[in-house]
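Visitor: sequence unavailable; structure follows:
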């Protein structure tokens, strides 16, 4: 397995890094969409975050990464093992599963195991990418180029948290909850609105325009490629510190309070921007709470709303042909008016 670039060593791209950390603290937020220039570190950041996260506890040998502490969410195989008292647990790295643009439906959702069918005459299920991504990250590079039939599949699974497969007389359902992470270049096309709305946060990634930052990016990348082990060792303390910060934030998340006045301001902000539905308020509240947990704060404040509102809301705005300002400008303007 290739060594991942340390998350702590990524230069700049603060909005993207913060959004990924927030998604790691509270996966219910709905994932992260990172749109921007090629070669600006989008893929590097996603893989770096997965390597940073602490290992997760799973049922040993489970093909779906079932959580032994959540029996209500077991797959059928784990339910049978639990009934026999034969469950064992193990620690595994958080999975990051790539969803290729040209993937077939069977590869994504799973299909009949042809080898067992031909050799033994048995009907058996071969799990797909969604099964491997359960409790981890499903990563789509160039998400705006994803084929429509795969987008429809993702929408169904993202809404239910479960993958249902019916093939050649087989009827299989298994848990499929993952953090959806997409990257892309806006010059190559837009994302379908239905899928865009499923991303909790959307961040803009730009090539650094600061000379010192550009030099430092090149210096660190060159050092990593020259001797990755030495580079990772150099950043190990920073990685451990950040990993501990994520773990503490996860533990404190449920105890962070969201005052009514903060909820009111979040709703006013969404109303001022004209966002459709209530997903904007929910995402903004959850993201602000996760940010407060990362800050070791006990209460969500206007400052937390202000810092995370652009990422949570910029992709939920209706198009206004009379307003040529970008979505980020409109969000900033609304923040100035509502969160004075």
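Guide: Received it, and whenever you're ready, just let me know what you need. Since the model is a prediction, treat every value here as computed from it, not as a measurement.
Visitor: any residues touching the particular helix or strand that has residue 43 in it, and which ones?
Guide: Using DSSP states H and E, residue 43 maps to helix 42-52. For helix 42-52, contacts defined as Cβ atoms under 8 Å, 6 or more residues apart in numbering pick out 4-8, 10, 13, 16-17, 20-21, 24, 34, 36, 93-96, 136-137, 139, 141, 181, 183, 205, 239, 242-243, 246. No exception for glycine: its C-beta is placed from N, CA and C like everyone else's.
Visitor: got the domain ranges for this structure?
Guide: Taking automatic domain parsing as the criterion, the chain consists of the domains 7-53+94-205, 254-338.
Visitor: would you single out the least confident of the ones you listed?
Guide: If you rank the domains of the chain by mean pLDDT, domain 7-53+94-205 sits at the bottom with a mean of 81.
Visitor: which parts of whatever helix or strand comes next after the helix holding residue 43 are buried?
Guide: Downstream of helix 42-52, the first helix or strand assigned by DSSP H and E is strand 56-59. Within strand 56-59, the residues that qualify as buried are 58, 59, counting by 16 or more other Cβ atoms under 10 Å.
Visitor: from the rest of the structure, what touches the very next helix or strand once past strand 56-59?
Guide: Next along the chain after strand 56-59, taking DSSP H and E as the criterion, comes helix 76-83. Applying Cβ under 8 Å, 6+ apart, the contact partners of helix 76-83 are 59, 62, 63, 64, 66, 71, 74, 87, 172, 173, 174.
Visitor: residue 173 - how many residues pack around it?
Guide: Neighbourhood size, residue 173 [other Cβ atoms under 10 Å]: 13.
Visitor: next, it: phi, psi?
Guide: phi -140, psi 140 (degrees, to the nearest 10).
Visitor: my read is that it contacts residue 166, right?
Guide: No. Counting by Cβ atoms under 8 Å, residue 173 stays clear of residue 166, with 9.3 Å between them.
Visitor: residue contacts, residue 272?
Guide: Taking Cβ under 8 Å, 6+ apart, we find residue 272 in contact with 334, 337, 338.
Visitor: quick check, the first one in contact with residue 266.
Guide: Which is residue 334. No. Applying Cβ under 8 Å as the test, residue 334 and residue 266 come out as separate, 11.5 Å apart.
Visitor: between the two, which one's more packed in?
Guide: More neighbours surround residue 266 than the other of residue 334 and residue 266, with 26 against 21 (other Cβ under 10 Å).
Visitor: didn't that one look like it was pressed against residue 305?
Guide: Yes. Assessed by Cβ under 8 Å, residue 266 is found in contact with residue 305 at 6.0 Å.
Visitor: which residues are common contacts for these two?
Guide: Contacts common to residue 266 and residue 305, judged by Cβ under 8 Å, 6+ apart, are 284, 288.
Visitor: ok, residue 135 to residue 311 distance?
Guide: The spacing between residue 135 and residue 311, counted by Cβ to Cβ, to the nearest Å, is 23 Å.
Visitor: neighbour count winner among the two?
Guide: residue 311 (27 against 22).
Visitor: how many residues are close by the closest residue to the more buried one other than its chain neighbours?
Guide: Among residues not flanking residue 311 along the chain, residue 201 sits closest, at 4.2 Å (Cβ to Cβ, 6 or more residues apart in numbering). By the criterion of other Cβ under 10 Å, residue 201 has 27 neighbours.
Visitor: just confirm residue 201 contacts residue 288, I think it does.
Guide: No. Counting by Cβ under 8 Å, residue 288 is not a contact partner of residue 201; they are 11.4 Å apart.
Visitor: who touches both of the two?
Guide: residue 308.
Visitor: one step back: just the buried residues of the contacts of helix 76-83.
Guide: 59, 62, 63, 64, 66, 74, 87, 172, 174.
Visitor: need those residues in TSV with distance to residue 125, can you?
Guide: As requested, the buried ones among the contacts of helix 76-83 are exported to TSV (distance: Cβ to Cβ, whole Å):
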residue	distance to residue 125
59	17
62	13
63	9
64	11
66	15
74	16
87	20
172	5
174	9
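Visitor: nearest to residue 131, out of the residues you listed: which one, please.
Guide: Lowest distance from residue 131 to those (Cβ to Cβ) belongs to residue 64, with 5.1 Å.
Visitor: list the residues that contact that closest one.
Guide: Residue 64 makes contacts with 75, 77, 78, 127, 131, 134, 174, 175, 176, as judged by Cβ under 8 Å, 6+ apart.
Visitor: how close does it sit to residue 161?
Guide: Taking Cβ to Cβ as the measure, residue 64 falls 12 Å from residue 161.
Visitor: list residues touching both of these two?
Guide: 175, 176.
Visitor: in the stretch 201-340 of the chain, what residue spans correspond to strands?
Guide: With strands called from DSSP state E, counting those that start in this stretch, the stretch 201-340 of the chain shows them at 201-205.
Visitor: all helices of it, in order?
Guide: 211-226, 228-234, 236-252, 260-273, 279-294, 302-313, 327-338 (DSSP state H, counting those that start in this stretch).
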